[in-house]
Each structure stands twice: as structure tokens, then as C-alpha cells.
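1. Based on what follows, work out the 3D shape:
(chains A and B, ligands or ions: 2)
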Amino acid sequence: MFRLVDIFKYPAKDTYLSHIDPRAKIIICILYVIPVVLFSGIYELMIIYSLVLVNLALGKSVARYLRSLIYLSPFLALVAFLNYITMGSLIDALIPILRLIILIAILDIFFFTTDPDNFILTLESLNLPLSISLSFALALRFIPTMLTQINEIVEAQISRGLQLDRGNFLKRIRNYIPIIVPLVILSIKRSIEVAESLEVRGVHPNAPRTRYVELRFTSRDYIYLVINIAVVASISIAMYIYPINQLLHNLLPINF
Amino acid sequence: MPIICEGVGYKYPGSTEYVLRDVNLEIGEGEAVAIMGDNGAGKTTLVKHFNGLLKPVEGTVYVDGVDTREVEVSLLARKVALVFQYPEKMFFSESVYKEVEFALKNFGFEERLIHKIVEKTLKTFWLWEYRDRSPYTLSGGEQRRLALASIVSWDPKYIVLDEPTAGQDAIQREILIHLIWRKVREGKTIVLVSHDVEFIAEFSPRVILMHRGRILYDGEGDELFRRRDLLEKAGLDQPILYKVASSLGIGDGEVTLARLIDYIVGLRPCSD
Ligand SMILES: Nc1ncnc2c1ncn2[C@@H]1O[C@H](COP(=O)(O)OP(=O)(O)OP(=O)(O)O)[C@@H](O)[C@H]1O
Ligand SMILES: [Mg+2]
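-> Numbers count the residues shown, from 1 in each chain, chains lettered A, B, ... in the order given. Ligands and ions are numbered 1, 2, ... in the order given. Model prediction:
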């Protein structure tokens, strides 16, 4: 549970992707979602997956992505199992899982490489109202803080003799009260503090704002976009025209 | 039997840097010890080893002869009470009474006994009249006392306090000193983590000084407070009495308020 902090901690710095304009990364994310939805062959998906992983590698975030998958594995296994029961074929049950795993990787291209401070700029540049973009950005910003805080509270209550894994099912749920109550109180206190400090600095949802940092597309962003679009588009079209899945299946059969 | 650290090294999971390095110390029964050092020196990390919340990556921690790796935290916690920095953040009960009751229930005290203990503890900490109030409605000083009360209630052998005076005014500090001294006289082992040199100078005979995960000094507080070089390295100021004594040129002798006053009075011929 506590290692979750790893996944939510601040994004990678000084990688190729961290210097790419967040809006370009959003375009890339959308770009990759299309073929993942469109194609359903395992080989086709694998090809798209490897492209996504190359992108993640540009953000030095592959290891972190794999670690996050470990935490999701029970959930993924459950989905696979339910699919298997309803569809009866293992390979058909695995396709949705593969899609899910790829979609997570696509989201991570954005989230693992973008500074939370830039989220808000990104959201604003999509013309969302400040109240929404700010809440969203703050929520993301405070996830790591909150996980640290959970850890602190757990340690303090354990030191007062709390045993989380004691008792029957109902008792075990009740065991979490000494953790949840302080957490909620601390979060409310913090939200009031944040609200006050925003007010003090003159943030108002409807007031016109100027920006200190402007997002600007640079040639680096254009190059990144063009190369990705070209690669994804040509591979997708090729896969669409030629039955690549069938071909690869004959070459490298996967059977269950 | 004591708490012993043997060659303790620790790094947090996912980090490569050791925040404790080759820490060796022994804290005997009935001792009052202060752990001092700059921010990030590793004090909190070290004391979390005493009740097994953290297990050493290198070396071993023994509590009463038992390797902390081999017992559950809940067993150690009964013996070694840890009060964290700003412990009032952890209140969750609807009343002061229940906040103290919590630990006693966790440690399986008998119902009848629980009531007696809670009453006695709250009275000792001057909180009995607030027993039905929500802990969050108490003043900062009262909250800190409650946090302390909820820990000493089960009568642990070792009491470890992380920054007990942080954010407290002078009166609350005096009260805390009084309550802590009382525990020392009862024969409890007290470990105080603190930046507060005045507080410690008034209080503790033995000081362990930490800096960047290592122990710089372990010995008499009185001797340490004369060593400006060590204090400076650990980001600490010299206690005011020692400053005055050394600027008067009598820093080599015993440094107490009484002696300083005698000396200063002796300097100035009485006018009447
Ligand atoms: N949960 C954690 N994960 C990773 N590193 C940590 C964690 N907690 C503390 N550290 C690091 O360990 C080092 C020692 O921290 P520690 O909290 O023990 O210092 P401290 O002496 O108690 O400082 P302070 O006087 O500020 O309380 C610091 O460099 C800190 O950044
Ligand atoms: Mg600390």
C-alpha cells in the first residue's frame, strides 16, 4: 500500500518528453487511442503497444509504468477472468486486457512526464473554466502529499497499538476509522488553507488573468508530433490494408 | 535492559541514499536522552526504529534483548511509546476520554481497569475537566498534553518524544518539562528529539548529536554545549547560559544560572 507513493510521486524531470508541450502530448495520446480502439488483432495491438512504449521510454518512465501495472494486476486478472467466463476463449479474454494496458501506457505518456504545474496551463489552454482546471490540477498535485500523510497517520496509530488486520471482516473495516478520520480532517484543513492562500494571491474564477508562463509550440514539439503522426498513420493504414494480423499469426502462431 | 543499535544503516524504499549510517548507541533503563541535530539529520528515522516501525537495512536494533525484526510492532509499541511531531494531527475520537481509551483498548486492558487509568492519566495531565469535549476543540497546548497523555496511559517503559515542544509557548513548555521530569523520576526511559537547545540544556544529562545520518557526538550535554564547532555543524545554537558564560570568560567552569548570577552580582559593586 505504501509503495503506491512511488507511482504518484512527481513526474520525471529532464527527459525528452518532459520538455514537450503538454498540448502536444495530449494530441499524441488521442492519436494513439484511435488505433487501439480500431484494431482488435493481438499482433496489431502489440505493434501499437511497442510504439507507445517507445514514447514512454523517451520520458524514461517505462519502469514506473511497469511498476504501476503490478498494482493493477489483481484488477486486470479479475477482468480477464470475467471475460474468460463470458467469452470462453482465452485469447478473446486477453484482448481487452491488452487494450487496457496500452491505454494506461498512453495516459502515462502524459501524466508521468508532465509537471503538475503545467496541467493547469494545459487545461486552461483547452478553454476549461478556471474553477474546473484549478480543482483538477490541485487534486493531482495533492495525491503524493496525501499518500505521505496516510503513511504518517498509519504509523502514529500503529504506535498506539492499532492493528489493522485484526478481527473479522466488519471489525477490520472499523479498524480504518482512526486513519480515515484524521485524514479527512487534515484534508479539509488543507483545502481551507489552499483556498485562503489562493484568495490572498488574488485568484478569482471569473477575473481576467494574464500568464507568467505561456505555453508555446517549439520546433521540437512539431518534430515530435509530425514523426509520431507519420509513423502511427502509416502503420495503421498498412495494417488496415494488409491483413497483418493474419500474416503474423501464420508466421508466429499464438495458440491457447 | 536497554535499547541497542548496532551498526544501523537505513535507506527508504525506492531511494538509494542512506539516511542513517553506522549508528551505534545504547540507551539504558531509566536514562533521559536527547537526540539533537539539524533538519533532515535522521532523528525521526532513527526513533522509528525503536518501536519497529522501521526495520534497519543494515545492522540490528535490540529492544530489551529482542531483535526488532523478529517481533510485531504492536508488541514493541506496548513497551516503546512513540509520540510523533505534531501528534494532535492524529486525533480521531469524539471525546478526550475516548482518545486516551483508544490505546488501552488496543493493548487489551480490562474494562474496569481502563476507566481507572483514563481518569488517573487525565487528572495528571490537567485534562479531566475536558473529558467530554472533542479533542479538536482544545487549545494547542491542551492538545499536546492530550497526545502525551494518550501515550503514557498504558505505562510504557520507554517514552520517545519527537519534538514535544514544537509550536508551544513558554508556559506549555514548562508544563511539558514538568510532566516529562515526572516520568523520569518514575524510572521511565525518556528519549527526546529536539532542536530546542534551551529546553534540552535545562533538562537532559545526555545528548546524542546527529548530522547527515551519523552520530557526531554522544555524551554529556554540558560538554557538548561548550563545543561551538559541533553545534554549528548540526545547525544548533549555543544555549544562552553558555553564550553568556563564555563571553564573560567563565565558560570553563560549571554553567548554571545561579553561578552566572553570583558572578555578575560580584562584578558590580553594590551601590548602597
Ligand atoms: N518517507 C520517506 N521517504 C523517503 N525519504 C525520507 C522519508 N522520510 C524522511 N526521508 C528523508 O530522510 C532524511 C532524514 O529525515 P528525518 O525525518 O529522519 O530527519 P529529522 O532529523 O527528523 O529532521 P527534522 O528535524 O526536520 O524532523 C531526510 O533527508 C528526509 O528527506
Ligand atoms: Mg523529524
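2. how is the chain carved up into domains?
-> All of this is about chain A. In terms of domains, chain A is parsed into A:16-114+A:218-256, A:130-204 (source: automatic domain parsing).
3. actually chain B
-> B:3-238, B:239-272.
4. returning to what we had before: looking at the domains of chain A, which is closest to chain B?
-> domain A:130-204 (3.1 Å; C-beta to the nearest C-beta). For the C-beta atoms, the positions are set from N, CA and C on the backbone; glycine is no exception.
5. what ranges do the helices span in the chain?
-> No chain specified, so I'll use chain A. A:4-8, A:22-38, A:42-58, A:62-87, A:90-111, A:116-125, A:130-159, A:169-174, A:177-200, A:219-241, A:244-251 (DSSP state H).
6. right idea, wrong chain: chain B
-> Taking DSSP H to define them, one finds helices in chain B at B:43-50, B:73-79, B:96-106, B:111-124, B:140-152, B:170-185, B:197-201, B:221-224, B:228-233, B:240-247, B:257-267.
7. okay if I get these as a markdown table plus mean neighbour count, distance to B:Ser15 and mean pLDDT?
-> Compiled in a markdown table, the helices of chain B are given as follows (neighbours: other C-beta atoms under 10 Å in any protein chain shown; distance: least, C-beta to C-beta, whole Å; pLDDT from 0 to 100):
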| stretch | mean neighbour count | distance to B:Ser15 | mean pLDDT |
| --- | --- | --- | --- |
| helix B:43-50 | 22 | 11 | 95 |
| helix B:73-79 | 20 | 22 | 90 |
| helix B:96-106 | 22 | 31 | 94 |
| helix B:111-124 | 15 | 39 | 94 |
| helix B:140-152 | 22 | 29 | 91 |
| helix B:170-185 | 15 | 33 | 86 |
| helix B:197-201 | 20 | 30 | 86 |
| helix B:221-224 | 20 | 30 | 88 |
| helix B:228-233 | 14 | 24 | 89 |
| helix B:240-247 | 17 | 37 | 86 |
| helix B:257-267 | 11 | 45 | 81 |
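8. quick one, which of the ones you listed is nearest to A:Phe169?
-> Among the helices of chain B, the nearest to A:Phe169 by C-beta to C-beta is helix B:96-106 (19.0 Å).
9. The closest one to helix B:140-152, inter-axis angle?
-> Orientation check (axes from the mean of the first three to the mean of the last three C-alpha atoms, to 10 degrees): helix B:96-106 against helix B:140-152 gives 20 degrees.
10. in the sheet, who's paired with the spatially most central residue of chain B?
-> When C-alpha atoms, centre = their mean is applied to chain B, the residue found nearest the centroid is B:Leu192 (1.8 Å). Counting by DSSP bridges, B:Leu192 is bridged to B:Ala34, B:Leu161.
11. coming back round to it: of the domains of chain A, give the one that comes closest to B:Phe225.
-> Smallest distance to B:Phe225 across the domains of chain A (C-beta to C-beta): 30.8 Å, for domain A:130-204.
12. what's near enough to touch A:Leu66?
-> By C-beta atoms under 8 Å, 6 or more residues apart in numbering or on different chains, the contact set of A:Leu66 is empty.
13. From A:Leu78, how far off is it?
-> Per C-beta to C-beta, to the nearest Å, A:Leu66 is found 19 Å from A:Leu78.
14. of the helices of chain B, which approaches ligand 1 most closely?
-> Of all the helices of chain B, it is helix B:43-50 that lies closest to ligand 1, at 3.2 Å by C-beta to the nearest ligand atom.
15. Remind me what that closest one packs against, helices and strands.
-> When contacts are defined as 3 or more C-beta pairs under 8 Å, 6 or more residues apart in numbering or on different chains; DSSP states H and E, helix B:43-50 sits against strand B:3-10, strand B:20-27, strand B:32-37, strand B:58-63, strand B:80-83, strand B:158-162, strand B:189-193.
16. May I see these arranged in CSV, with mean pLDDT as well?
-> Shown next, in CSV, are the helices and strands packed on helix B:43-50 (pLDDT from 0 to 100):
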stretch, mean pLDDT
strand B:3-10, 95
strand B:20-27, 95
strand B:32-37, 93
strand B:58-63, 95
strand B:80-83, 93
strand B:158-162, 94
strand B:189-193, 93
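17. Ligand 1 is nearest to which of those strands?
-> Relative to ligand 1, the nearest member of the helices and strands packed on helix B:43-50 by C-beta to the nearest ligand atom is strand B:32-37, separated by 5.5 Å.
18. how many degrees apart are that closest one and strand B:20-27 in direction?
-> Using the same axes, to 10 degrees: strand B:32-37 against strand B:20-27 is 160 degrees.
19. rewinding a little: using TSV, lay out the domains of chain B together with distance to A:Leu51.
-> Shown next, in TSV, are those (distance: least, C-beta to C-beta, whole Å):
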stretch	distance to A:Leu51
domain B:3-238	29
domain B:239-272	65
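20. For stretch B:164-178, output the C-alpha coordinates as PDB.
-> What follows is stretch B:164-178, C-alpha atoms only, in PDB (Å, rounded to 0.1, in the frame of the first residue of the first chain):
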ATOM      1  CA  PRO B 164       7.500  17.700  22.100                       C
ATOM      2  CA  THR B 165       7.900  21.500  22.300                       C
ATOM      3  CA  ALA B 166       7.300  22.400  18.700                       C
ATOM      4  CA  GLY B 167       4.800  25.200  18.400                       C
ATOM      5  CA  GLN B 168       4.300  25.600  22.100                       C
ATOM      6  CA  ASP B 169       4.500  28.700  24.200                       C
ATOM      7  CA  ALA B 170       6.800  29.200  27.200                       C
ATOM      8  CA  ILE B 171       4.100  28.100  29.800                       C
ATOM      9  CA  GLN B 172       3.200  25.000  27.900                       C
ATOM     10  CA  ARG B 173       6.900  24.200  27.600                       C
ATOM     11  CA  GLU B 174       7.300  24.500  31.400                       C
ATOM     12  CA  ILE B 175       4.300  22.200  31.800                       C
ATOM     13  CA  LEU B 176       5.700  19.700  29.400                       C
ATOM     14  CA  ILE B 177       9.100  19.800  31.100                       C
ATOM     15  CA  HIS B 178       7.400  19.200  34.400                       C
END
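21. outside of it, which residues touch it?
-> With C-beta under 8 Å, 6+ apart as the test, stretch B:164-178 has contacts from B:83, B:85-86, B:126, B:140-141, B:144-145, B:148, B:180, B:192, B:194, B:196, B:199, B:202-203.
22. Tell me which of the helices of chain A lies nearest to B:Lys11.
-> The nearest among the helices of chain A, by C-beta to C-beta, is helix A:4-8 at 14.4 Å.
23. low pLDDT regions in chain A?
-> For chain A, the stretches with pLDDT under 70 are A:1-12, A:252-256.
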